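Novice: Sequence first, then the predicted structure, then my questions.
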Amino acid sequence: MNAPLPPPRNPSYSPSQALAFIIGVFGVGFPSLLYWHLGSSLLGQHPLVKVFVISGISGILSFALYAGRKRWLIAAVIGLFGGIGASGLLLAYTAVFHREKMWTTEIAVVQVAGALPAMALFAYIVRHSRPSDS
């Protein structure tokens, strides 16, 4: 009567996509986390500029690696906005709500929310672009 459900499919990622996830998490997430927990002593002079530069470059690398050869340029531009958006929303969140202490989970959620528009735009472009002629 009831047919058994097929087993769930595990998504398969290429090594470059796996590396993109790692760069995205460590390069975009950790600089702001370290700045918040350790203060500006770790990053030296102009720590916020360094946080934004590291996050932006990491966003560029992670999105471009994930996209592959065909869409790396548009992915890099979107990744720049994603990396800076993650750190920028965290900065705005702390300024607006006058936060002096934050939980690690709170920082992660705010950063994901900051990068979410760029990730959604990239997913839309990947899903709705024309298939290649190869």
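Specialist: Structure received.

Novice: Quickly find the element holding the residue nearest to Ile84 when sequence neighbours are not counted.
Specialist: Leaving aside its sequence neighbours, Ile84 sits nearest to Gly56 (Cβ to Cβ, 6 or more residues apart in numbering; 4.9 Å). Using the backbone N, CA and C atoms, a C-beta is placed for each residue, glycine as well. According to DSSP states H and E, Gly56 maps onto helix 47-67.

Novice: Let me see the mean pLDDT of that helix.
Specialist: On average, the pLDDT along helix 47-67 is 93.

Novice: I'd like the distance from the helix or strand just after it to the chain centre, please.
Specialist: With elements assigned by DSSP H and E, the helix or strand that comes after helix 47-67 is helix 72-97. Taking Cα atoms, centre = their mean, to the nearest Å, one finds helix 72-97 lying 8 Å from the centre of the chain it belongs to.

Novice: Next SSE downstream of helix 72-97?
Specialist: helix 104-128.

Novice: Tell me the spacing between the spatially most central residue of the chain and Pro8.
Specialist: The centre of the chain sits closest to Gly24, judged by Cα atoms, centre = their mean, with a distance of 4.9 Å. Per Cβ to Cβ, to the nearest Å, Gly24 is found 24 Å from Pro8.

Novice: Also Glu106?
Specialist: 31 Å.

Novice: neighbour-wise, which of these two wins?
Specialist: The neighbour comparison of Glu106 against Pro8 (other Cβ atoms under 10 Å) goes to Glu106, with 14 against 6.

Novice: Run the chain-centre distance for the helix or strand bottoming out on mean pLDDT in the chain.
Specialist: Least confident helix or strand of the chain, by mean pLDDT, DSSP states H and E, is helix 30-38 with a mean of 87. Helix 30-38 sits 15 Å away from the centroid of its parent chain (Cα atoms, centre = their mean).

Novice: before we move on, what about stretch 94-112?
Specialist: Per Cα atoms, centre = their mean, the centroid offset for stretch 94-112 relative to its chain is 16 Å.
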